[in-house]
Structure formats: structure tokens, C-alpha cells
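Student: sequence and predicted structure are below.
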Amino acid sequence: MGLKSLGAKCAAGVVCAFLAGAASASTVVFNGTFEDTSSSTPGAGLVNGQAIGDLASGPGRSWDVFTSIPGWTTDSGAGIEVQTNRTLSSIDAHSGQHYIELDSHPKATSNSSMVQTIMLGIGTYKLSFWYSPRNGDAGSNGIEYSVTGAAPNNNVLLLNGLTGPSAANGTSVGNWTQFTSRFTVATGDSPVHLKFEATGKANTLGGFVDSVSISAVPVPAGLPMLLSAVAGFGYVARRRTRKA
């Protein structure tokens, strides 16, 4: 494509769509820290009958399993297990009082997954979350995370996995480690599905997840000026062509 055509397209708003990712500096995952207990959506827990708002302070058990929690729904398996700072002596939440384990009770269907649908514009994004292995068996703590487009295409924008404890990725029992991955959305105002899934041994002892977020990756500082210049060049070229 020549500079004249590129300038014309930018002037028409096609090339300028690359700027859409910079328009919103951050896209926050709803309830990414799992601290939202205001909704009655979860109802009573499936294992202990606990309300999600009672887990952190009592009375009763400090954890329970839910079909859905604010922002997230079960995609497969037993459900979403919410634990709190009262649950284990070896670890507290990375942020606030709640965190997630997806190797949930009961054991027969313990490996579970949760999903959230988010609307994103064109651009490059960074997924960030914090992870900790529950125990010293790396085969027990696997987590897979993905971002896919909506049906009918269900195109995979991001797919990755991890486990620990591991010297290679810096994970250890009782400590939180941050992981980040980038993905690109090519179509504006697209629903994408953010998913986390337990992939280790189905023994109700899996890896922990907390502080999940998605943020737009800023466009390089010089790109808007470059596109503006190209658009101007195309406009001048078209005017010269018309005069000729």
C-alpha cells in the first residue's frame, strides 16, 4: 500500500483504529480480587452452606464452593472455591481477604474452571494475575489461563499454563508470584472470555489465584504523531491530484 492510500485510509478512520487500544488506559476485570461480597448471586455455598460474605469473619467455615460469584461463573467441574485469610496458616490473600482455588471440593469433580466475559476494543492488552502453589507437589498445582473470542469462532487469543513450586518460574509454597501475558484484539467492541482452569491432580489441593486484571498496552508515544502526519500527507496528495 502506498503512502497516499495509507493516508486516505487513516483519514477515513481505518488505520486510526490502532489508537483505540490507547483510548482506555485500563480495562478492569470485574471482581478480579474476589473481594466483592455485596451480591446475593452466590447464595449458600455448595459444601459448607456458607454465605460468601461470612467466609472472612465467620461464623462457620472460612471457605466454600460456589457455582458463581460476582463477575465469575463455573465453566466446568465442581465450582469456584473461595478461601480466606482464615483458611490456611501458610498463606493469606494477595489482596484483601479472599482468593480462589479451582481444584474444588468434592473430589470426584474437583478440577474446575471459571470464566468471565469482557468487552474489549481493538488493541493489545496485558493479562496479569498472582499465583501460589498450595503444596510441594508440582503435579497438583497446575493452572491454565486463556482468553478466547466469542462464538461462533471462539478464536484463541491467549493460552498458557503454569505450575509450581518451581525454581524456573520463581514460585514457592506460601508466596505469591505475578504472571503476565499479552494478547491482541483485532475487532472492536468484542466480547472475550477470560478463563482459569485447574489442570493438576484432581485431589482438592490445587494452585491459588488472586488479583486478576487486564489493562490496555499503551500505543508507542510517537505513533499518533506519525499517523497524523501520514494522514496529512494523504490529504495534500489528494488535493494535488484534484487540481491536476
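Tutor: It's in.

Student: would you map the helices across this structure?
Tutor: 3-12, 20-23, 223-243 (DSSP state H).

Student: I'd like the average pLDDT over the last one.
Tutor: In other words, helix 223-243. Across helix 223-243, the average pLDDT comes to 53.

Student: same question, stretch 207-214
Tutor: 98.

Student: show me which positions of that stretch end up buried.
Tutor: Buried residues in stretch 207-214, counted by 16 or more other CB atoms under 10 Å: 207-214. Heads up, the C-betas are built off the backbone N, CA and C, glycines and all.

Student: take the residues you listed and write them to JSON lines, including distance to Thr67.
Tutor: Listed next are those as JSON lines, based on distance: CB to CB, whole Å:
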{"residue": "Gly207", "distance to Thr67": "21"}
{"residue": "Phe208", "distance to Thr67": "20"}
{"residue": "Val209", "distance to Thr67": "18"}
{"residue": "Asp210", "distance to Thr67": "20"}
{"residue": "Ser211", "distance to Thr67": "23"}
{"residue": "Val212", "distance to Thr67": "19"}
{"residue": "Ser213", "distance to Thr67": "24"}
{"residue": "Ile214", "distance to Thr67": "24"}
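
Student: quick one: which of the residues you listed is nearest to Ser132?
Tutor: Using CB to CB, Phe208 comes nearest to Ser132 of the buried residues of stretch 207-214, at 4.6 Å.

Student: domain map for this structure?
Tutor: By the assignment in automatic domain parsing, the chain contains the domains 1-23+219-244, 26-217.

Student: centre of the chain to the longest one, how far?
Tutor: Taking CA atoms, centre = their mean, to the nearest Å, one finds the center of domain 26-217 at 9 Å from the center of the full chain.

Student: rewinding a little: which of the domains of the chain has the lowest mean pLDDT?
Tutor: Sorting these by mean pLDDT places domain 1-23+219-244 lowest, at a mean of 48.

Student: which stretches in the chain count as strands?
Tutor: Applying DSSP state E to the chain gives strands spanning 64-66, 68-69, 72-76, 80-84, 98-101, 113-120, 123-132, 143-149, 156-162, 177-185, 190-198, 208-216.

Student: tell me which strands the third one pairs with, and in which orientation.
Tutor: To tie it back to what came earlier, the one meant is strand 72-76. strand 68-69 (antiparallel), strand 113-120 (antiparallel) (DSSP bridges).

Student: distance of the residue nearest to Leu102 when sequence neighbours are not counted from Ser38?
Tutor: Leaving aside its sequence neighbours, Leu102 sits nearest to Ala198 (CB to CB, 6 or more residues apart in numbering; 3.8 Å). Distance of Ala198 to Ser38, given as CB to CB, to the nearest Å: 27 Å.

Student: what do you get for Asn31?
Tutor: As judged by CB to CB, Asn31 and Ser38 stand 10 Å apart.

Student: run a quick neighbour tally on the closest residue to Gly174 other than its chain neighbours.
Tutor: If the residues on either side of it in the chain are set aside, Gly174 comes closest to Ser90, at 4.6 Å by CB to CB, 6+ apart. By the measure other CB atoms under 10 Å, the count of residues near Ser90 is 11.

Student: go ahead and confirm Ser90 touches Val173.
Tutor: Yes. With contact defined as CB atoms under 8 Å, Ser90 counts as touching Val173 (6.4 Å).
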